[in-house]
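Curious how this folds, go ahead:
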Amino acid sequence: MTGEIVSIVALLGWLFIAGSALASYRLGWGQLARMALVWIAIFTGLTLLVGFFYGG
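Model (predicted):
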């Protein structure tokens, strides 16, 4: 139980740091959405690739 709480707090901290770093660029909503979609596509592709080779 304690480990889960620590993981959640750490995740929220990292999200805050990443969000503040992204906000410092002062990009428009369109650019932010496009960048988010690109990163989602990258992580989804990598997850599928690893799952294909190591998932059995």
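
and the biggest helix by length in the chain, how far from the chain's centre?
Taking DSSP state H as the criterion, the chain has its longest helix at helix 29-54. Its chain's C-alpha centre and that of helix 29-54 lie 9 Å apart, by Cα atoms, centre = their mean, to the nearest Å.

With stretch 23-31 instead?
That offset, for stretch 23-31, works out to 16 Å (Cα atoms, centre = their mean).

Name the residues of it that come out as buried.
Residues of stretch 23-31 classed as buried: none (neighbour count, 16 or more other Cβ atoms under 10 Å). In short, each C-beta sits where N, CA and C put it, glycine included.

How about residues contacting that stretch?
Residues outside stretch 23-31 that contact it (Cβ atoms under 8 Å, 6 or more residues apart in numbering): Met35.

hey, C-alpha coordinates of it in CSV?
Output of stretch 23-31 as CSV, limited to C-alpha atoms (Å, rounded to 0.1, in the frame of the first residue of the first chain):
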residue,chain,number,x,y,z
ALA,A,23,4.4,25.5,-20.4
SER,A,24,7.6,27.5,-20.5
TYR,A,25,7.7,27.2,-24.3
ARG,A,26,4.4,29.1,-24.5
LEU,A,27,3.1,27.1,-27.5
GLY,A,28,-0.4,27.4,-28.8
TRP,A,29,-3.0,24.8,-28.1
GLY,A,30,-2.8,23.4,-31.7
GLN,A,31,1.0,22.8,-31.4
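
Quick one: mean pLDDT for that stretch?
Here stretch 23-31 scores 88 as its mean pLDDT.

Residue ranges in the protein under the pLDDT threshold?
Along the chain, the parts satisfying pLDDT under 70 run over 56.

switch the cut-off to 80
Where the chain drops to pLDDT under 80, the residues are 1, 55-56.
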